[in-house]
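J.: can't give you the sequence, but here's the structure:
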């Protein structure tokens, strides 16, 4: 078996969390979080069949909003 000299570079990781964890941290119910994901009010990332809250994009959107400045 030959070994490759090409370095292994891991795929970029997007900070994301489950609906349940996002719910715990925000105080919103899991159903509310799912509803906001379905309506497009929270950024979503799909990994396989799992739907996760894209925390990196959510943070960036919050910091770039007009209300923040």
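T.: Cool, got the structure. Values in this document were obtained by computation on a predicted structure and should not be read as measured data.
J.: Which strand residues bridge the most centrally placed residue in the chain?
T.: Taking Cα atoms, centre = their mean as the criterion, residue 54 is the residue nearest the geometric centre of the chain, at 1.6 Å. Counting by DSSP bridges, residue 54 forms beta bridges with residue 16.
J.: Do I have it right that it meets residue 16?
T.: Yes: under the criterion of Cβ atoms under 8 Å, residue 54 makes contact with residue 16 at 5.4 Å. (Each C-beta comes from the backbone N, C-alpha and C, glycine too.)
J.: what touches both of the two?
T.: Common neighbours of residue 54 and residue 16, using Cβ atoms under 8 Å, 6 or more residues apart in numbering, are residue 45.
J.: Tell me where the model's unsure across the chain.
T.: Along the chain, segments meeting pLDDT under 70 span 1-14, 68-69.
J.: show me where it has strands.
T.: Assigned by DSSP state E, the chain shows strands spanning 16-17, 44-47, 50-54.
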